[in-house]
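1. sequence-free structure coming up:
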């Protein structure tokens, strides 16, 4: 028997990955959580059938959703992560020497449990003394915070199901209020090839609450088309620059000082989406 | 009925694309040539079941396999393309104002015929007066040429079947002999995520015949992992620089002056492949 898991990345395109074992398949209050063992990518986490992260390619996404803002902000002491239940972003955040406290607010405790059980490298940050884990609704959590964080990272699923509100103008406005006067917001903003409409909307909505907004790109092979976008809203500093006097450039597999700058260089078809 | 075409990009990973029509399925002397109509990517060309090019994403590959060398070389009058039967690379080459003659040597006439019939934008360069089309074995064609070209572009299939020899040290040596003293060779060199061994080999073999060798990257969503590499061997000029006094920067959808430089910025895991 051959066992393949297929994600229909769009209604007319599917990525199939050969699996050797189904390690977890459980329904939480919010979604179906699955962990499969694959040949190509090691262990793979899927939420409602959508690939979230794998052991072998996670470095791209987790380095890039965190290190850009951590090195672009001059003094990122307090960092908030919304979502990111697998812990990969938290691991990167608490691993940065400038960070004093990394708070992660994940709505689904089952995702955290699955990561702790099956993804030892993703989840190693949970044990860091700088890490604070809160199982709660990130949207509610952010609502009453005022200038409490230097950086906020939204490591969400696609804008369907529980994550829809994380792509709203109201949420971005609350995010701005919860950040200090030189704060930065980073959100994953989907694929330039397949979700131009989402990128355009996110860019526009974040622009309503932040004076500086920039898009950057990274190559995640298990996401649709292999090219992913992140949008940064910044109150003061240019996110494409290294403003941190104590930047961290290693040991990374995707991020570097050169990659920081070049990830903001956009092909004309991507520039067109946000202009 | 639903009709899907699946390419097994590796033995344990497949990309499936929904199709509405099979426009061509014919066996040539060299390979199976197929053209299908897809919802996601428009018309798609497959050789022996491997996706070569599509109407909607071809701009990335064809701009990037050509414009880098065309703008990095100070005076690219004569350009040779080996392979590239769909004509997309030829269209870009003859469209550059510095080029006086673009010669394309493709082994399989059926691919050219299929492109002329089903891919009008790919194939528009065939009608350009600067274009010269030769149906022949590129390896033999290059053997007896001496300082005949300024740029050679190898737009080959993967290193299996008819293309194996195009990845050999002998061929790269012949390529060097057929180029002028300031010539450049550009080859497609597969995926950094899935073919690190090929990239490493190509880099090493081209280094045996060219003093300057550099790798650059581009995002092709229908190729494995969505990230593709190109290797340049250069006799004199740095391919990462714009040395052409009459560069062409528009109208492109992926390539630009900024993208020229940033495409040579490699993530550490890619740098490691070639170091």
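-> Sure, I can see it. It should be emphasised that the depicted structure is a prediction, and the values quoted were computed from it without experimental measurement.

2. Pull the contacting residues for the closest residue to chain B within chain A.
-> Closest residue of chain A to chain B, CB to the nearest CB: residue A:226 (1.5 Å). Bear in mind the C-beta positions are built from the backbone N, C-alpha and C, glycine included. Residue A:226 sits next to A:219, A:220, B:219, B:221, B:225, B:226, B:227 when contact means CB atoms under 8 Å, 6 or more residues apart in numbering or on different chains.

3. ranges for the helices of chain A?
-> A:58-72, A:88-94, A:109-118, A:138-143, A:169-178, A:196-207, A:257-262, A:268-273 (DSSP state H).

4. hang on, the earlier thing: what distance do you get for the residue of chain A closest to chain B to residue A:68?
-> 19 Å (CB to CB, to the nearest Å).

5. Show me which residues of chain A sit near chain B.
-> With CB under 8 Å from any CB of the partner chain as the criterion, chain A meets chain B at residues A:4, A:6, A:10-18, A:38-40, A:57, A:59-60, A:193, A:217, A:219, A:221, A:224-227, A:250, A:252-256, A:258-259, A:261-262, A:265, A:267-269.

6. What remains of those residues if I keep only buried residues?
-> A:10, A:12-18, A:38, A:40, A:57, A:59-60, A:193, A:217, A:219, A:221, A:224-227, A:252-256, A:258-259, A:262, A:265, A:267-268 (16 or more other CB atoms under 10 Å in any protein chain shown).

7. Which ones among those lie within strands?
-> A:10, A:13, A:14, A:15, A:16, A:17, A:18, A:38, A:217 (DSSP state E).

8. a markdown table for the residues you listed, including distance to residue B:238 and pLDDT?
-> Output for these, formatted as a markdown table (distance: CB to CB, whole Å; pLDDT from 0 to 100):
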| residue | distance to residue B:238 | pLDDT |
| --- | --- | --- |
| A:10 | 40 | 97 |
| A:13 | 38 | 98 |
| A:14 | 42 | 98 |
| A:15 | 37 | 98 |
| A:16 | 41 | 98 |
| A:17 | 40 | 98 |
| A:18 | 42 | 98 |
| A:38 | 40 | 98 |
| A:217 | 24 | 98 |
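
9. Which pair of these spans the longest distance?
-> A:18 and A:217 (28.3 Å; CB to CB).

10. Show me the beta-bridge partners of the spatially most central residue of chain A.
-> Ranked by distance to the mean C-alpha position of chain A (CA atoms, centre = their mean), the top residue is residue A:155 at 3.1 Å. Legend: beta-bridge partners of residue A:155 under DSSP bridges are residue A:83.

11. Can you check the pLDDT for it?
-> Per-residue pLDDT puts residue A:155 at 97.

12. And it, how close does it get to residue A:35?
-> 18 Å.

13. same deal with residue A:5?
-> 11 Å.

14. List the residues that contact residue A:175.
-> Counted by CB under 8 Å, 6+ apart, residue A:175 has contacts A:142, A:152, A:154, A:185, A:209, A:233.

15. pLDDT at it, what is it?
-> Value for residue A:175, per-residue pLDDT: 98.

16. Could you tell me how far it is located from residue A:186?
-> 10 Å.

17. same deal with residue A:126?
-> 21 Å.

18. Look at these two and report which has more neighbours.
-> residue A:186 (27 against 17; other CB atoms under 10 Å in any protein chain shown).

19. What residues are bridge-paired with that one?
-> Bridge pairing for residue A:186 - DSSP bridges - gives residue A:153, residue A:232.

20. OK, contacts around it?
-> A:65, A:66, A:68, A:69, A:151, A:152, A:153, A:154, A:230, A:231, A:232, A:239.

21. Go through those and name the one nearest residue B:90.
-> residue A:230 (36.3 Å).

22. Now do the contacts for that closest one.
-> Per CB under 8 Å, 6+ apart, neighbours of residue A:230: A:64, A:65, A:68, A:186, A:187, A:188, A:189, A:215, A:216, A:217, A:218.

23. Distance to residue B:274 added to the residues you listed, as TSV?
-> Shown next, in TSV, are the contacts of residue A:230 (distance: CB to CB, whole Å):
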residue	distance to residue B:274
A:64	22
A:65	27
A:68	25
A:186	31
A:187	33
A:188	30
A:189	31
A:215	29
A:216	24
A:217	22
A:218	20
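
24. Relative to residue A:243, which of the residues you listed is nearest.
-> residue A:68 (11.3 Å).

25. got a pLDDT number for the closest one?
-> pLDDT, residue A:68: 98.

26. Let me know how buried it is, in neighbour terms.
-> 27.

27. Now do it against residue A:151, distance only.
-> 10 Å.

28. ok, now residue A:110?
-> Applying CB to CB to residue A:110 and residue A:151 gives a distance of 26 Å.

29. Neighbour count: those two, which is higher?
-> Comparing residue A:110 with residue A:151 by neighbour count (other CB under 10 Å), the higher total belongs to residue A:151, at 29 against 20.

30. Residue A:153 is in contact with residue A:67, isn't it?
-> No. Contact criterion CB atoms under 8 Å: residue A:153 and residue A:67 do not qualify, at 10.7 Å.

31. more crowded one of these two?
-> residue A:153 (30 against 23).

32. Stretch A:238-248 spans what distance, first to last residue?
-> End-to-end distance of stretch A:238-248: 17 Å, with CA to CA, to the nearest Å as the criterion.

33. For it, which residues meet the burial criterion?
-> Those buried within stretch A:238-248 under the rule 16+ other CB under 10 Å are A:239, A:240, A:242, A:243, A:244, A:247, A:248.

34. Ok, stretch A:27-44 next?
-> Buried residues in stretch A:27-44 (16+ other CB under 10 Å): A:30, A:31, A:33, A:34, A:35, A:36, A:37, A:38, A:40, A:41, A:43, A:44.
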